[in-house]
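>>> What shape does this take:
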Amino acid sequence: MESVKFVLNSKTCLLGSLVLFFRRAGLPGINCRTGGICRARKGGLWEPMIATAGEAPIFPLMRDVYDPKTGLNSLDLPGKPAETRVVVAMSGGVDSSVTAALLKEQGYDVVGITLQLYDHGEAVRRVGACCAGQDIHDARVVAERIGIPHYVLDYEHNFRESVMDDFADSYLAGETPIPCVRCNERVKFRDMLQTARDLGAAALATGHYVNSRPGAGGRDLYRGADPDKDQSYFLFTTKREQLDFLRFPLGGLSKAETRAIAERFGLSVATKPDSQDICFVPNGRYTDVIERLRPGSSKPGDIVDLDGNVLGTHDGIIKYTIGQRRGLGIATGDPLFVVRLDAEKRKVIVGPRPALLTERIDLEEVNWLGDVAFDKLPADGIELLAKVRSTRPPSPARLIPLSGGRRSFCWKVRMEWRRDRLVFFMRRLTVRTSVCWAGAGSGRRTTSLGMP
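Numbers count the residues shown, from 1 in each chain. Take a look at the predicted model:
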């Protein structure tokens, strides 16, 4: 336990009181040596404490950055923070900036790295861009503010091959890609992680809102404490050996708390808007990017109903995604949705909303992080929770292994299906704390339930 002196600033006092925030985990045993202290309210993730604004009180902080008994620091790494180098992936946003500031405050040997991922062009001037010119500048300013070395690495070629080309090819194949997943998988947690090792770092820290904890087979991946900001969906391809090297200091915070910490550090990015999902699409028209990467590859075709009747034409399937309703360019009595995309025949198949519902999805690209090897799972599968969209809460489902190493995923409730990603969770300890056991890309769907 360490003591920290808070000097009260009269500009922040209201009626002789100052509101201080402590992590709930640190509340038991907190006493004020000088001045009074009491609970102002209950129920929040952070609880405000009221201190008399007379003298400058001293509060003991329940924050152990190093445990001499175990020899582990707050990142579950051996050695004191000052002896532990941590590379922080700094995108120029508030999340990664606060990550770097917190680790620096705890005494770690912090090195900031920012990746230049693409020829930003218009994105330099776009609010909410990621890894563009302004972001690199913001990251550099933050690094200077908190006093850490900062490096900018040119990863444009890697990003083009690993993320942007995959993005274009996926749309041409009738899929709806998630470039953030590929960026984490093939750039940040592969190339950048190796760079961190080359710099002698013991860990690579990011500003993702997820948690990781030591488990039986290494570190386990858990959902973030704030369900509105949980980003475990975008990290489903993270391998166990990568998790062992990665750290996520913001996993227990909400976005509002992160911004409050940024203000405390006086960071210029405290109120900076969040980055957009597709950082390399400066004007919001992803089709322009695909046309530039794959000139002439988008060709016209027919829009047909479920029976094959031609309802209209289109000028490229890249402009459509499963579940889409608007912009179809056809007029019928009932609302129609894109149900399937046939890239080989250049057909957009539409149908009523019920045609989007399914109770079974066959999976591809499964990344299994479970405690039990996948080939040891029971033949009738296991009960778990699953997400098919990043913004939807997990739903009960069953995962069933099939012959030939394939996996089948069965919903216990009917869900709207889109060709997307899938993340599995198993409940641990409490409903709000779930470990991420696996993720996968969804392949073809079937309408039969397929459950025992």
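
>>> so where is the protein shaky, pLDDT-wise?
Along the chain, the parts satisfying pLDDT under 70 run over 1-64, 119-132, 276-277, 282, 403-452.

>>> Report the central residue of it.
Gln231 (2.9 Å; Cα atoms, centre = their mean).

>>> where's that one relative to Gln106, distance?
From Gln231 across to Gln106, the span is 22 Å (Cβ to Cβ, to the nearest Å). All C-beta spots, glycine's among them, are computed from the backbone N, C-alpha and C.

>>> and the longest helix along the chain, which residues are buried?
If you go by DSSP state H, the chain has its longest helix at helix 133-146. Using 16 or more other Cβ atoms under 10 Å as the test for burial, helix 133-146 gives 134-136, 138-140, 142-143, 145-146.

>>> likewise stretch 381-394?
381-382, 384-388, 390, 394.

>>> same check, this time on stretch 104-123
Here stretch 104-123 shows 104-118, 120, 123 as buried, counting by 16+ other Cβ under 10 Å.

>>> In contact with the nearest residue to Gly174 once chain neighbours are set aside, which residues?
Once flanking residues are discounted, Gly174 sits nearest to Leu341: 3.3 Å by Cβ to Cβ, 6 or more residues apart in numbering. By Cβ atoms under 8 Å, 6 or more residues apart in numbering, Leu341 lies in contact with 174-175, 317, 320-322, 347-349, 419.

>>> ok, so of the residues you listed, who is nearest Glu365?
Glu175 (11.8 Å; Cβ to Cβ).

>>> before we move on, back to that, which residues does the residue nearest to Gly174 bridge with?
Val348 (DSSP bridges).

>>> Just checking: what are the partner strands of the following helix or strand past the longest helix of the chain?
Per DSSP states H and E, the first helix or strand lying C-terminal to helix 133-146 is strand 150-154. Using DSSP bridges, the strands paired with strand 150-154 are strand 109-116 (parallel).

>>> Give me the contacts around the partner strand.
By Cβ under 8 Å, 6+ apart, strand 109-116 touches 81-92, 100, 103-104, 131, 135-136, 139-140, 142-143, 146, 148-156, 159, 187-188, 192, 195-196, 199, 201.

>>> still on that earlier bit, which neighbouring elements make contact with the longest helix of the chain?
In terms of contacts (3 or more Cβ pairs under 8 Å, 6 or more residues apart in numbering; DSSP states H and E), helix 133-146 is packed against helix 94-105, strand 109-116, strand 150-154.

>>> Helices of this structure, residue ranges please.
So, for the chain - with DSSP H - the helices run 94-105, 133-146, 156-159, 165-172, 179-183, 193-198, 240-243, 255-265, 286-293.

>>> from the chain's centre, how far out does the first one sit?
Right, the one you point to is helix 94-105. 17 Å (Cα atoms, centre = their mean, to the nearest Å).

>>> for it, which positions count as buried?
Result for helix 94-105 [16+ other Cβ under 10 Å]: buried residues 94-105.

>>> Among the residues you listed, which one sits closest to Val304?
Asp95 (44.4 Å).

>>> The closest one contacts Thr258, doesn't it?
Yes - counting by Cβ atoms under 8 Å, Asp95 touches Thr258, with 6.0 Å between them.

>>> Quick check: neighbours shared by the two?
Going by Cβ under 8 Å, 6+ apart, residues that sit against Asp95 and also against Thr258 are Leu250.

>>> Would you mark the buried spots in stretch 142-161?
142-143, 145-146, 148, 150, 155-156, 158-160.

>>> what do you get for stretch 253-265?
253-254, 257-259, 261-262, 265.

>>> Farthest pair within the residues you listed?
Top of the distance list for those (Cβ to Cβ): Ser254 and Phe265, 17.1 Å.

>>> Any figure for the gap between the residue nearest to Asp67 when sequence neighbours are not counted and Pro249?
Of all residues not flanking Asp67 in the chain, Asn73 sits nearest, at 7.6 Å (Cβ to Cβ, 6+ apart). Note on Asn73: its distance to Pro249, by Cβ to Cβ, is 12 Å.

>>> doesn't Tyr233 make contact with Pro394?
No - if you go by Cβ under 8 Å, Pro394 and Tyr233 don't touch, sitting 9.7 Å apart.

>>> Tell me how the protein divides into domains.
For the chain, automatic domain parsing gives the domain ranges 2-61, 73-265, 299-351, 358-446.

>>> could you dump those to TSV with distance to Asp274?
Listed next are those as TSV, based on distance: least, Cβ to Cβ, whole Å:
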stretch	distance to Asp274
domain 2-61	19
domain 73-265	7
domain 299-351	22
domain 358-446	13
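
>>> highest average neighbour count across those domains?
Greatest average neighbour count among the domains of the chain goes to domain 73-265 (a mean of 20), per mean count of other Cβ atoms under 10 Å.

>>> Quick one: end-to-end distance for that domain.
This stretch, domain 73-265, spans 22 Å end to end (Cα to Cα, to the nearest Å).

>>> do the same with stretch 143-154
Start-to-end, stretch 143-154 (Cα to Cα) is 18 Å.

>>> what's the closest non-adjacent residue to Arg259?
Ala270 (5.6 Å).

>>> Just the residues contacting stretch 246-255, thanks.
Against stretch 246-255 from outside (Cβ under 8 Å, 6+ apart): 23, 45, 75, 86, 95, 98-99, 102-103, 189, 193, 203-212, 219, 222, 224-226, 228-229, 238, 258, 261, 274.

>>> picking up where we left off before, got the contact list for the residue nearest to Asp67?
Asn73 neighbours (Cβ under 8 Å, 6+ apart): 65-67, 79-81, 84, 108.
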